[in-house]
Each structure stands twice: as structure tokens, then as C-alpha cells.
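Everything below, folded, please.
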Amino acid sequence: MKVLVADKFEKSGIEGLKAAGCEVVYEPDLKDAALAEAIGRTLADVLVVRSTQVTEAMFDAGHLDLVVRAGAGFNTIDVKAASKRGIYVSNCPGKNSVAVAELAFGMILAMDRRIPDNAAELRAGKWNKKEYSKARGIQGRTLGLLGFGNIGQEMAKRAQAFGMNLVIWSEIGVTIDRDGIPIDLPILVRFRPASGSLIEPIIQVAQTPAEVAEKCDILSVHLAANALTKGIINSDVLGRLKPGSYFLNTARAEVVDYKALEQVVKEKNIRVALDVYPGEPAGGSADFDFPMVKLPGVYGTHHIGASTDQAQEAIAAETVRIIRTYKEKGIVPNVVNLASHSPASHSLIVRHLDKPGVLACIFAKLRDQGINAQETENTIFEGAHAAVVRINLDRGPSKELLDAIRKACPDILDIHLMELGARV
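Below is the predicted model of the structure:
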């Protein structure tokens, strides 16, 4: 199996792929036409990328079987085009969650204590303790989380360790227990410093992003970019923030209306920390002018949320696991572009002798009647004498066709048709 790695990738990952028996072509600066050319030139089976765009033309340039996004999001890959061609797209969810949460909490503290401004004035030879002694502190304040996946949950754990309360909303919903507590979040009981008595953090699950904005002191975005979330953090949501609130986005630029954000910065004295931007450069270094980061109280980093050694090593290991599993078992972990449910209406279940030609006979009869087999699974019993094949079909065959299959395939032991779980 040949693997083309078209972005910077950990040495441990390269070595892991080679140890798995893969031929690795490492060209970390490929993009656009050069990447399409390399896909055709190398005839790679697997493509590994990080932030590089993968377009429809690239799928047509060679014969890729699998594209692995060495990271969590996959919005830089034309998933629809891959699906039309039967090309797997896989990612590495959860492997950079801690790294992003660590950066986000660093941003929260930086906003509250104005650490970048402190450092800049000190480097400029100015001592201004009177001004920079002003800080609110975050203990007892409410952190609003938009998105409660892997990163959101890591944020919640750290928030509780800082003695914060939580209000949560997720586009896919949040599962809660009888007390209204998210089941994915263990409650960390904390002590009231003065008395030593126990207090529990307040954890709320909101129904809308606007409700989160109304109830929180700090709003942190951890949403994937998709059709549902594009522009979801709009003027209505941002306008609900209290004056002097904090806002941070370490997720995707597409989910936030940045013009509306700039307006509330100016009108409501909102402090902001950003790690993602509309139109940000794709490469590692470039000129980039984003006026909002020049406003007072706005801090920015260079889309580095996942860029810790720990996160990159974990992502490399997961990428190797995905490719090794595909190479050895024909199964792709973490696939993002399979149908969420089978479009088939019927399942044909055939118990048969494990002999050549049985499945070919069945498929030939189905083809003659214009019935499409959409999914197939053939299970072999111990000793390899018999097997059961399940064939999911786009429509049910007639009784006459089932009889014809029985007669044409003498090695069939039993055959029956199931519709919506009911035996016909």
C-alpha cells in the first residue's frame, strides 16, 4: 500500500507507517495543482493531509482509496466528491482535544489578566502596576460552552477545577442524568475557601446558543463547521452577551459572524481571544492583516490550538492505526462519509455451503431483475463448511425470483427475505 503524506507529519508517524509495511512518499509542501500532480504521479492508495485543501480534481488525478485528515475537522476536504467516487474519508477525533482546551484556558486567563498587554509594556520599559492590577478573576464565574464534544468536555473539566460554573449547548444535543447533569461530565465537588464547606458547581444545559450567551460571563466556541453551524454565532447571539464579557473562538471561523463580533467589541467592551480567522493563510508563514486583532482587548494566536508535541504525536499514532487497520483488515476507523443508515428496503438472508459460485449465482439473478445490492456481509462458520450472507437490496425480489435463485444455486441451504425487520 502506497501512502502519500502531503503535509508536515511527525517522524514517529512516518516510521509507524513504514513498520506497517506501507510505502511512504513524504512531500509535506504539496498543495493545489502540485498535489493533484503528485497523486497521479505516485498512484498513491492513501493520502494524508492536515490543513491542505483536497478538491474534486485531486480525486480524479489518481486512484485514491482513502484520505486521512490528520486532525479532528475535515472541512478542508471535498467529502461529497469523495463519496461520489467511493473514496473513504477518515479523521482523528479527540486526539487534539486537550491541546485546544489548554490554549483556550490560557486565552481566558490572558483576557482576564491582560497578560499580552502586561508583557508588551514591560518589554517597552514601562511599569504600570496600577493599571494591570485591575482584573476580575474567574472563580465563581460562568463559562458558556457552545459545543460539547471532546474539546467542550475537556473545557468543562478544567472550568470546574478553576471553580467555575457551566452553561452548555450542543448542536447534537447533550445527554443529561436525572439531576440535569451531562452524563459525560463528572461533577468535581469543590470547597468554599472561607468555611471549608462543600459546594457544587452550577451546571446548566441551554436550549439555544442565545440562552448560553445570556447566562455566561465567558463564551467559548467549540463547534464543528457544517451547514447547521455556519454563521450560528450571529448578531443575535453576540448581542445577548453582558457588557464586559469575554468571548473566544478556537474552533472554526465559519461559525462566527466576525463583523457582528467586532461591533459588540466596540459597543459593549467585550474582550475577545481568537485562534481562527476568515481567510487565514494556508501555509505556515505569510503576511496577514486582520484589523480586529488591533482593537484594544482583542488577542489573537496563529491557529495553533492543536499544535503541541503531545497532540501531534497522538494524531500521528491514530493516523497510523487507521491506515494499518485498512491495510490489514479492509476496515477504515473513523469514517466520516458513510451513510448514517442503509437506504436499502429489504435484506436477503441466504444460508449456503461455502463453495465457489454461490454468491455469483445470487447476484446474477438479482442483476437480471434490476435489483441493486447495496450492502453485503458474508459470515463464515467454524470449519468453513457453511456461511450466511446478508444482502441489503434497494427493493424486495418477488417470490418467483426467490424460487428461481433456489433452483439455480443447489448449494443454498435456506433463503428468506426481511423487510424492516419483519420476516416475509
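
where exactly do the strands run in the stretch 1-150 of the chain?
Defined through DSSP state E, counting those that start in this stretch, the strands belonging to the stretch 1-150 of the chain, from first to last, are 2-5, 23-26, 46-49, 66-69, 88-90, 142-146.

Return the list of helices and strands in contact with the fifth one.
If I follow you right, that is strand 88-90. Helices and strands in packing contact with strand 88-90 are listed as strand 66-69, helix 79-84; criterion 3 or more C-beta pairs under 8 Å, 6 or more residues apart in numbering; DSSP states H and E. Heads up, the C-betas are built off the backbone N, CA and C, glycines and all.

Quote the end-to-end distance of stretch 339-357.
Criterion C-alpha to C-alpha, to the nearest Å; first-to-last residue distance in stretch 339-357 is 29 Å.

how about that stretch: buried residues?
Of all the residues in stretch 339-357, those buried under the rule 16 or more other C-beta atoms under 10 Å are 344, 346, 347, 348, 350, 352.

Quick check: chain neighbours aside, which residue is closest to the third one?
In this structure, residue 347 finds its nearest non-sequential neighbour in residue 418, 4.5 Å apart by C-beta to C-beta, 6 or more residues apart in numbering.

and if you look at the second one?
Nearest in space to residue 346, with sequence neighbours left out and distances taken as C-beta to C-beta, 6+ apart, is residue 396 at 4.1 Å.

what about stretch 102-122, start to end distance?
Its first and final residues considered, stretch 102-122 spans 25 Å by C-alpha to C-alpha.

where in the chain is pLDDT low?
When the per-residue scores of the chain are filtered using pLDDT under 70, the ranges that remain are 176-181, 183-200, 283, 342, 420-424.

Show me it divided up by domain.
Using automatic domain parsing, the domain parsing of the chain gives 2-95+310-329, 97-305, 346-423.

just those domains: most buried one?
Comparing the domains of the chain on average neighbours per residue, with mean count of other C-beta atoms under 10 Å, the densest one is domain 2-95+310-329 at a mean of 19.

quick one: terminal-to-terminal distance for that domain?
When the termini of domain 2-95+310-329 are compared using C-alpha to C-alpha, they are 16 Å apart.

Centre of the chain to that domain, how far?
Averaged C-alpha coordinates place domain 2-95+310-329 at 16 Å from its chain's average position (C-alpha atoms, centre = their mean, to the nearest Å).

show me what contacts residue 282?
Contacts for residue 282 (C-beta atoms under 8 Å, 6 or more residues apart in numbering) come out as 31, 51, 52, 53.

State the pair within those that is farthest apart.
Checked with C-beta to C-beta, the contacts of residue 282 reach their widest spread between 31 and 51, with 9.3 Å between them.

Throw the contacts of residue 282 into JSON lines and include distance to residue 155, thanks.
Formatted as JSON lines, the contacts of residue 282 follow (distance: C-beta to C-beta, whole Å):
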{"residue": "31", "distance to residue 155": "32"}
{"residue": "51", "distance to residue 155": "23"}
{"residue": "52", "distance to residue 155": "28"}
{"residue": "53", "distance to residue 155": "28"}
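
and which of those is nearest residue 10?
Comparing these against residue 10 with C-beta to C-beta places residue 51 closest, at 15.0 Å.

quick one: the closest one and residue 258, what's the gap?
Residue 51 is 20 Å from residue 258, where distance means C-beta to C-beta, to the nearest Å.

Please tell me I have it right and the residue nearest to residue 346 contacts residue 418.
No - applying C-beta atoms under 8 Å, one finds residue 396 not in contact with residue 418, separated by 9.2 Å.

Give me the three-state assignment for residue 265.
Look at residue 265: counting by DSSP: H, G, I helix; E, B strand; the rest coil, its state is helix.

OK, contacts around it?
Residues touching residue 265, when contacts are defined by C-beta under 8 Å, 6+ apart, comprise 271, 272, 292, 295, 297, 298.

All the helices of the stretch 301-424 of the chain, residue numbers only.
309-329, 358-368, 399-408 (DSSP state H, counting those that start in this stretch).

hmm, back to that, could you redo the contacts of residue 265 as JSON lines and give each row secondary structure and distance to residue 14?
Compiled in JSON lines, those are given as follows (DSSP: H, G, I helix; E, B strand; the rest coil; distance: C-beta to C-beta, whole Å):
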{"residue": "271", "secondary structure": "strand", "distance to residue 14": "41"}
{"residue": "272", "secondary structure": "strand", "distance to residue 14": "38"}
{"residue": "292", "secondary structure": "helix", "distance to residue 14": "38"}
{"residue": "295", "secondary structure": "coil", "distance to residue 14": "42"}
{"residue": "297", "secondary structure": "coil", "distance to residue 14": "43"}
{"residue": "298", "secondary structure": "strand", "distance to residue 14": "39"}
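
so which of those comes closest to residue 321?
For residue 321, the nearest member of the contacts of residue 265 is residue 272. The distance, counting by C-beta to C-beta, is 37.3 Å.

can you tell me how far the nearest residue to that closest one once chain neighbours are set aside sits from residue 264?
For residue 272, ignoring the flanking residues on the chain, the nearest one in space by C-beta to C-beta, 6+ apart is residue 298 at 4.6 Å. Residue 298 sits 11 Å away from residue 264, taking C-beta to C-beta as the criterion.

what's stretch 208-217 in contact with?
Taking contacts as C-beta under 8 Å, 6+ apart, the residues outside stretch 208-217 that touch it are 141-146, 167-169, 204, 206, 219, 232-233, 236-238, 240-242, 245-246.

Sorry, wrong one. I was asking about stretch 248-257.
In this structure, residues lying in contact with stretch 248-257 by C-beta under 8 Å, 6+ apart are 73, 75, 100, 103-104, 107-108, 111, 147, 151, 218-225, 229-235, 238, 272-278, 280, 305.

out of those residues, which are inside helices?
When DSSP state H defines the helices, the subset of the contacts of stretch 248-257 inside them is 100, 103, 104, 107, 108, 111, 151, 235, 238.
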